[in-house]
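Colleague: Got a predicted model here, sequence first, then my questions.
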Amino acid sequence: MDIMELYGLPALVVFLYMSGVFAAALLIKNNAIVDVAWGLGFICVAFVTLCLNGRMTPRKGLVTALVLIWGIRLAIHVALRNGGKPEDFRYAKWRKQWGKWFVPRSYLQIYLLQGILLLIISSPLILVNRSQSTGMTLLDIIGVFIWCLGFFFESVSDYQLVRFKGNPAHKGLIMTRGLWKFSRHPNYFGEALLWWGVFIIALSVEYGWIAIVSPLLITFLLLRVSGVTMLEKKYAGNKEYAAYAQKTSAFVPWIPKSN
């Protein structure tokens, strides 16, 4: 398999896409726009690889539809969450730290880096959309089931959190209800799980096993880099959150410990 042939065009698409998002961020002076662009970037990769790799097959249509549903929902959710608010605390912190080097470092460390991560995580849909195999297998069914479970956790927990924060009476309080009763980060768990589902679907195509890099990478990022670890640090020293963390699983939903 020729890696350049496989990733060459998607890499170019991602480069142009993230460069355009960077230009838009400079105009509005808010790097949080990249969070909205994240899910939409996968949709770009999905449609480009779908259109340029021969005839449509059920599996190609399935994977592209799953990515489309996930990407649009996530983009809308993030856009509504960030709308009218100051720049996210992560990007605002970097804006101060990087000083005069903010523009080039933003382009390299936020946009191009996320573009590389996006490309790697897109591996299952790139492999599926280049394949000409037509028959559906048990792996497709299992993958869709796992994707649906992950999508449920991500979308429902996001909705529950929005409702909770939208109530002025909850200002300053920690969300411990609904799916958040069983995991401190059920939305991140859901996102990781749905990509494991897409990977399982990709196992039905040639070289599909290579796509294991996708769920491994997104799970690592959510657990150790931009997700769980970063937010846990934000709540360091919060006694209410410490009590919540003591009895609630950090990632994988589980029955909370009794006091």
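Modeller: Sure, I can see it.
Colleague: For the rest of this, base every contact and every neighbour count on C-alpha atoms.
Modeller: Will do.
Colleague: And the helix or strand that contains residue 198, how far out from the chain middle?
Modeller: Assessed by DSSP states H and E, residue 198 sits inside helix 186-202. Remark: helix 186-202 is offset 9 Å from the chain centroid, using Cα atoms, centre = their mean, to the nearest Å.
Colleague: which residues of the chain fall in helices?
Modeller: Assigned helices in the chain, in chain order: 3-28, 33-51, 58-82, 89-98, 102-106, 113-121, 123-130, 138-165, 186-202, 213-220, 228-234, 239-247 (criterion: DSSP state H).
Colleague: any chance of those in CSV, plus distance to residue 179, mean neighbour count and mean pLDDT?
Modeller: As requested, the helices of the chain are arranged in CSV below (distance: least, Cα to Cα, whole Å; neighbours: other Cα atoms under 10 Å; pLDDT from 0 to 100):
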stretch, distance to residue 179, mean neighbour count, mean pLDDT
helix 3-28, 33, 15, 93
helix 33-51, 23, 21, 95
helix 58-82, 17, 18, 96
helix 89-98, 25, 13, 88
helix 102-106, 34, 15, 95
helix 113-121, 26, 19, 97
helix 123-130, 28, 27, 95
helix 138-165, 6, 18, 97
helix 186-202, 6, 27, 98
helix 213-220, 19, 19, 98
helix 228-234, 16, 14, 87
helix 239-247, 13, 15, 93
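Colleague: could the ones you listed be laid out in CSV, adding distance to residue 256?
Modeller: What follows is these, written out as CSV (distance: least, Cα to Cα, whole Å):
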stretch, distance to residue 256
helix 3-28, 40
helix 33-51, 31
helix 58-82, 28
helix 89-98, 30
helix 102-106, 40
helix 113-121, 31
helix 123-130, 34
helix 138-165, 16
helix 186-202, 13
helix 213-220, 22
helix 228-234, 18
helix 239-247, 5
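Colleague: and the angle for the helix holding residue 198 with helix 138-165?
Modeller: Put simply, helix 186-202 runs at 160 degrees to helix 138-165, going by axes from the mean of the first three to the mean of the last three Cα atoms, to 10 degrees.
Colleague: Just want the angle from helix 186-202 to helix 123-130.
Modeller: Counting by the same axes, to 10 degrees, helix 186-202 lies at 30 degrees to helix 123-130.
Colleague: that older thread, for residue 174, find the nearest of the helices of the chain.
Modeller: The closest of those to residue 174 is helix 239-247. By Cα to Cα, the value is 6.5 Å.
Colleague: and residue 129, what does it touch?
Modeller: Contacts for residue 129 (Cα atoms under 8 Å, 6 or more residues apart in numbering) come out as 46, 49, 50, 53, 60.
Colleague: from those, which is closest to residue 193?
Modeller: Of all these, residue 46 has the smallest distance to residue 193: 19.0 Å, by Cα to Cα.
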